[in-house]
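**Student:** One predicted model, sequence on top.
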Amino acid sequence: MTLARLTRRSALTALAAAGLSPSLANARSGDWMALAADVRSEFQWAWQGYVAKAWGKDEINPVSGTSRSFFIKSQDLGLSLVEALDTLWIMGLDAEFQAGVDWVKSSLSFDVDGEAQVFETNIRLVGGLISAHLACGDPVLLAKAKDLADRLMKAFDASPHGLPWRYVNLKTGAVLDPETNLAEIGTYITEFGVLSQLTGDDRYFKAAKQAMKHALDRRSRIGLMAANIDARTGEFTSRNASIDVYADSFYEYLWDAWALFGDEDCKRWAQECTAAQLAHQAKRYDGRLWFPMVDYETGAVTSTAQSELAAYYAGLLGQVGHKKEGDDYLATFTHMQATFGIIPESIDVTTAQPRRKHTGLRPEYPDACLNLWLLDRDERYRALAALHYRQMKATSRAPYGYTALQDITTRPMTQGDNCPGYWWSEQMKYYYLLFSDTPRIDYAKLQLSTEANVLRGFRKV
């Protein structure tokens with residue numbers, strides 16, 4: 001049986017397992033519009049819960065109606081609000097968008113005496129503010145993004161190799177924890193690059209690219225990098241090559257830098273890294289494609305765990321030019337969803353069984369569906385994302401929004417009590433972009449960050 005037929009069969013099996021008609025894969029445009037309207041309605045309803053119970057707080061706990069801080073204990077930076085802004089705009093929730101912008105302009109300050117994780121702060125807040133600025137043109141949003149990026153740059157300056165330390169005090173610039181990883185030193189070039197374009201200051205782009213190049217220059221003979229690195233010494237501190245935990249967005253940003261800025265170095269690096277990963281990390285267990293951690297010098301498997309985070313890689317494979325392999329890898333996670341209802345947070349690749357019972361309301365599967373759909377507009381990807389959305393709605397809807405799950409093995413699944421900030425920026429946007437054909441986005445130019453912030457592709461309304 002051909003790869004295409006196998007992948008198609010996996011998709012139909014997943015649809016059938018969830019009680020959905022296979023004809024959904026050939027749904028009429030009106031069906032997708034209705035689903036988009038449902039996504040929009042659910043997002044608006046959840047936003048009302050956030051406004052009522054956690055306005056200006058980092059994250060809402062949607063079961064209890066309480067909130068929690070994310071970056072700095074007892075010091076909220078409006079994380080979920082900032083993450084939601086461009087999603088609100090794309091969905092045409094203009095009054096809600098403006099209320100969020102008004103809060104940012106009047107209440108959001110980064111002059112905070114506390115350590116923030118540099119990587120998370122960049123992808124969530126710098127990216128969110130830039131995207132909101134691109135949506136509406138308000139210069140205050142750009143000024144706040146630049147102010148925050150300048151504070152984060154202190155973490156780059158502290159390393160003799162230009163590798164950002166993991167934490168920086170937003171007020172004093174003091175840094176903390178040099179024992180970092182590929183994702184945390186290499187997930188800046190899209191946000192920082194757009195910031196350089198908007199401000200005319202190329203410091204941001206150069207700093208981001210230098211950090212990536214430092215790690216890439218240390219690839220092994222077989223073309224792989226270890227996932228962990230020390231910002232002080234510039235040397236790898238583990239032997240594990242990974243496409244998911246500790247490394248995932250590094251590889252996304254190589255291709256994104258080519259797509260956004262036409263950077264030929266990043267295009268070449270993306271192609272070389274992907275080729276090495278396919279040659280030395282791609283493994284089959286029970287006929288299914290996985291990419292477990294391997295020794296970066298020998299290719300020997302070092303861990304049989306695969307995170308749900310790795311689902312993004314199916315889309316990246318397609319973007320870099322390995323569409324068949326991308327479809328094959330998506331089929332692996334489609335099978336996980338068909339088997340367990342919700343894709344497990346961590347999976348043993350040798351048994352295809354969950355290693356953890358909880359899951360964090362994860363967006364990587366619809367992310368891959370969107371990126372693969374953008375390549376050829378195959379309706380199958382919409383159908384698979386529709387399955388993912390309906391399963392999320394059935395299991396994670398809580399009194400005041402959507403929550404992560406504590407146990408996916410119980411029936412009904414046991415809910416936790418937290419809505420991660422990325423939910424507002426990522427999966428609900430992926431669903432809506434897939435189903436809506438919204439005129440507010442130029443799909444041919446669309447470019448998203450790892451946090452799904454729109455960095456190119458807005459249409460003015």
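**Tutor:** That came through, no problem.
**Student:** When you work out contacts or count neighbours from here on, use the C-alpha atoms and nothing else.
**Tutor:** Noted.
**Student:** can you give me the strands in the stretch 251-400 of the chain?
**Tutor:** With strands called from DSSP state E, counting those that start in this stretch, the stretch 251-400 of the chain shows them at 283-285, 288-290, 294-295, 305-307, 346-348, 353-354, 397-398.
**Student:** wait, the stretch 101-250 of the chain
**Tutor:** So, for the stretch 101-250 of the chain - with DSSP E, counting those that start in this stretch - the strands run 115-117, 167-169, 175-176, 179-181, 228-230, 240-241.
**Student:** tell me the most buried of those strands?
**Tutor:** By mean neighbour count, with neighbours taken as mean count of other C-alpha atoms under 10 Å, strand 240-241 ranks first of those at a mean of 26.
**Student:** Report the strands that pair with that strand, each with its relative direction.
**Tutor:** Using DSSP bridges, the strands paired with strand 240-241 are strand 294-295 (antiparallel).
**Student:** so for the partner strand, what's the average pLDDT?
**Tutor:** Averaged over strand 294-295, pLDDT sits at 98.
**Student:** try stretch 448-461
**Tutor:** Across stretch 448-461, pLDDT averages out at 96.
**Student:** Show me what counts as buried in it.
**Tutor:** 448-458 (16 or more other C-alpha atoms under 10 Å).
**Student:** CA atoms only for that stretch - export them in PDB, please.
**Tutor:** The C-alpha trace of stretch 448-461 is given here as PDB (Å, rounded to 0.1, in the frame of the first residue of the first chain):
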ATOM      1  CA  LEU A 448       3.200  32.600  12.100                       C
ATOM      2  CA  SER A 449       5.700  32.500  15.000                       C
ATOM      3  CA  THR A 450       6.200  29.300  17.100                       C
ATOM      4  CA  GLU A 451       3.500  30.900  19.400                       C
ATOM      5  CA  ALA A 452       1.300  31.400  16.400                       C
ATOM      6  CA  ASN A 453       1.600  35.200  16.500                       C
ATOM      7  CA  VAL A 454       1.000  36.600  13.000                       C
ATOM      8  CA  LEU A 455       4.200  38.200  11.800                       C
ATOM      9  CA  ARG A 456       3.100  38.600   8.200                       C
ATOM     10  CA  GLY A 457      -0.200  38.300   6.400                       C
ATOM     11  CA  PHE A 458      -2.600  40.700   7.900                       C
ATOM     12  CA  ARG A 459      -5.100  42.300   5.500                       C
ATOM     13  CA  LYS A 460      -6.300  45.800   6.500                       C
ATOM     14  CA  VAL A 461     -10.000  46.100   7.100                       C
END
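**Student:** For that stretch, what is the distance to the chain centroid?
**Tutor:** In terms of C-alpha atoms, centre = their mean, to the nearest Å, the centre of stretch 448-461 is found 13 Å from the chain centre.
**Student:** Next, the buried residues of stretch 257-269.
**Tutor:** In stretch 257-269, counting by 16+ other C-alpha under 10 Å, buried: 257-260, 266-267, 269.
**Student:** need the residues you listed in JSON lines with distance to Met33 and pLDDT, can you?
**Tutor:** Listed next are those as JSON lines, based on distance: C-alpha to C-alpha, whole Å; pLDDT from 0 to 100:
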{"residue": "Ala257", "distance to Met33": "32", "pLDDT": "98"}
{"residue": "Trp258", "distance to Met33": "32", "pLDDT": "98"}
{"residue": "Ala259", "distance to Met33": "29", "pLDDT": "98"}
{"residue": "Leu260", "distance to Met33": "29", "pLDDT": "98"}
{"residue": "Cys266", "distance to Met33": "37", "pLDDT": "98"}
{"residue": "Lys267", "distance to Met33": "35", "pLDDT": "98"}
{"residue": "Trp269", "distance to Met33": "39", "pLDDT": "99"}
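**Student:** who's in contact with the closest residue to Asp86 other than its chain neighbours?
**Tutor:** Closest residue to Asp86 apart from its sequence neighbours, by C-alpha to C-alpha, 6 or more residues apart in numbering: Ala132 at 5.3 Å. By C-alpha atoms under 8 Å, 6 or more residues apart in numbering, the contact set of Ala132 is 85-86, 141.
**Student:** Quick one: those as CSV, columns for neighbour count and pLDDT too.
**Tutor:** Output for the contacts of Ala132, formatted as CSV (neighbours: other C-alpha atoms under 10 Å; pLDDT from 0 to 100):
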residue, neighbour count, pLDDT
Leu85, 27, 99
Asp86, 29, 98
Leu141, 22, 98
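**Student:** and which of those is nearest Ala226?
**Tutor:** Asp86 (34.5 Å; C-alpha to C-alpha).
**Student:** What is the neighbour count of Ala46?
**Tutor:** The local packing of Ala46 (other C-alpha atoms under 10 Å) involves 22 other residues.
**Student:** quick one: it from Tyr432, how far?
**Tutor:** Using C-alpha to C-alpha, to the nearest Å, Ala46 is found at 15 Å from Tyr432.
**Student:** Next: Gly401.
**Tutor:** Counting by C-alpha to C-alpha - Gly401 and Tyr432 are separated by 17 Å.
**Student:** now Leu309
**Tutor:** 20 Å.
**Student:** out of the contacts of Ala132, which are inside helices?
**Tutor:** 85-86, 141 (DSSP state H).
**Student:** rewinding a little: neighbour count winner among Leu309 and Tyr432?
**Tutor:** More crowded of Leu309 and Tyr432, by other C-alpha under 10 Å: Tyr432, with 24 against 18.
**Student:** Against Leu375, how distant is the nearest residue to the more buried one once chain neighbours are set aside?
**Tutor:** Leaving out its chain neighbours, the residue that sits closest to Tyr432 by C-alpha to C-alpha, 6+ apart is Ala36, at 5.4 Å. Distance of Ala36 to Leu375, computed by C-alpha to C-alpha: 20 Å.
**Student:** Neighbour count: the two, which is higher?
**Tutor:** Ala36 (23 against 13).
**Student:** pretty sure the more buried one belongs to a helix, no?
**Tutor:** Yes: with DSSP: H, G, I helix; E, B strand; the rest coil as the criterion, Ala36 is assigned to a helix.
**Student:** contacting residues for it?
**Tutor:** So Ala36 contacts 431-432, 435-436 (C-alpha under 8 Å, 6+ apart).
**Student:** and with 10 Å instead?
**Tutor:** 30, 42, 91, 386, 428, 431-438 (C-alpha atoms under 10 Å, 6 or more residues apart in numbering).
**Student:** same question, Val301
**Tutor:** Counted by C-alpha under 10 Å, 6+ apart, Val301 has contacts 240-241, 280-281, 283, 291-295.
**Student:** Which members of the buried residues of stretch 257-269 are the farthest-apart pair?
**Tutor:** Leu260 and Trp269 (15.1 Å).
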